[in-house]
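**Student:** structure of the sequence below:
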Amino acid sequence: MSTYRPVAQPSPVPFLKGHGTENDFVIIPDPDNAVPLSAAAVAKLCDRRAGIGGDGLLHVVRSAAHPEARSMADRAEWFMDYRNADGSVAEMCGNGVRVFARYLRRAGLVDAGDLAVATRGGVKEVHIAKSLETDGGTADPEAVTVRMGRAVLPEGDVSVVVGERGWPARNVNMGNPHAVAFVDDLDHAGNLFTAPPVSPAAAYPDGVNVEFVVGRGPRHVAMRVHERGSGETRSCGTGACAVAVAAARRDGIDPAVTGQPVTYTVDLPGGRLVITERPDGEIEMTGPAVIVAEGLLDGEWAELLDTL
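**Tutor:** The predicted model follows:
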């Protein structure tokens, strides 16, 4: 007489969906770093037709549980293991770290106020707006401010080409690489589905995010961006910081020289970010971070992640 033994089914995997100025992300909470996330699995999850869809994926892991973040565990409990939509690994994502912090607050893992988040670009200091500021004024309940670190401006000329047009660009590193080109019309950037050629290629051995920028007024610019590994996105936080720094230098402003902070408003297709560069070089970015949905990957999807 045979005995029926049911086949164990893989446990569903929780996920959330969020965005910062419409730069959207799949969020996978995984404190113990137990969910297998190969490049193929991430690309599948970020696929807008066959998966959940997103410009990237935020893998939420305790720093002590991830080999790339253990050295930061004494400074930041949580590590943002960020992946581009094609599954490739990235150093940092400015919009992503705001959404990451919003998730931690929603899940009750941190309090409103200040916290530290570990990233491959170093530990980032984040401030989640409280419902009331100390002066009694109401704060934007979705606003999150991130101290993005200092910009590095490598020497050497770079240029960007789209079709028959070309522009000089500013090389700015915000923990990840950027080429910032000032143009007359944002339509000149083309469709940005594919990466615009940047030269010399040796300036960006690991690829580059390319920003196209126009002026909107005093200390006010608008931009479009091609993010490496994702194509054109509705917003890029590190890109907005790079653009603000490049715009300030183009305008002859360097807070390290003047001793005064400078703030630029940066409009992106998905919304607005406010970027401040302080005299010590620290850059702060403020913008919205929204969680829009949560659910479970069903058992077949969970099993698929194990095989990709």
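**Student:** drop to CA atoms for contacts and neighbour counts, all remaining ones
**Tutor:** Fine.
**Student:** just give the nearest non-adjacent residue to residue 261, would you?
**Tutor:** Spatial nearest neighbour of residue 261, excluding adjacent residues (CA to CA, 6 or more residues apart in numbering): residue 278 at 4.3 Å.
**Student:** would residue 97 count as being in a helix?
**Tutor:** Yes. Under DSSP: H, G, I helix; E, B strand; the rest coil, residue 97 falls within a helix.
**Student:** residues contacting it?
**Tutor:** For residue 97, the contacting residues are 80, 117, 146, by CA atoms under 8 Å, 6 or more residues apart in numbering.
**Student:** would you turn these into JSON lines with neighbour count and secondary structure?
**Tutor:** JSON lines is the format used below for the contacts of residue 97 (neighbours: other CA atoms under 10 Å; DSSP: H, G, I helix; E, B strand; the rest coil):
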{"residue": "80", "neighbour count": "25", "secondary structure": "strand"}
{"residue": "117", "neighbour count": "24", "secondary structure": "strand"}
{"residue": "146", "neighbour count": "26", "secondary structure": "strand"}
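**Student:** closest one to residue 22 out of the residues you listed, please.
**Tutor:** residue 146 (17.2 Å; CA to CA).
**Student:** who's the closest one bridged to?
**Tutor:** residue 126, residue 285 (DSSP bridges).
**Student:** give the burial count for the residue nearest to residue 261, as a bare number.
**Tutor:** When neighbours are counted by other CA atoms under 10 Å, residue 278 registers 18.
**Student:** pretty sure it contacts residue 255?
**Tutor:** Yes. Look at residue 278 against residue 255 with CA atoms under 8 Å: they come within range, at 6.1 Å.
**Student:** spit out the residues that contact these two alike.
**Tutor:** 261-262.
**Student:** residue 218 and residue 26, how far apart?
**Tutor:** Per CA to CA, to the nearest Å, residue 218 is found 36 Å from residue 26.
**Student:** hmm, I typed the wrong one, I wanted residue 108.
**Tutor:** 19 Å.
**Student:** the more surrounded of those two?
**Tutor:** More crowded of residue 108 and residue 26, by other CA under 10 Å: residue 26, with 27 against 10.
**Student:** who's in contact with the more buried one?
**Tutor:** By CA under 8 Å, 6+ apart, the neighbours of residue 26 are 15-18, 45-46, 52-54, 56-58.
**Student:** just the pLDDT at the most centrally placed residue in the chain, thanks.
**Tutor:** Nearest to the geometric centre of the chain sits residue 93, at 2.1 Å (CA atoms, centre = their mean). pLDDT recorded at residue 93 is 91.
**Student:** show me which residues of stretch 284-303 are buried.
**Tutor:** 284-291, 297, 301-303 (16 or more other CA atoms under 10 Å).
**Student:** show me those that map onto strands.
**Tutor:** 284-288, 290-291, 297 (DSSP state E).
**Student:** what's the lowest-pLDDT member of those residues?
**Tutor:** residue 297 (90).
**Student:** now do the helices in this protein.
**Tutor:** Along the chain, the stretches classed as helices by DSSP state H are 39-46, 94-106, 237-250, 255-258, 299-307.
**Student:** of these, which approaches residue 269 most closely?
**Tutor:** With CA to CA as the criterion, residue 269 lies closest to helix 237-250 of the helices of the chain, at 11.7 Å.
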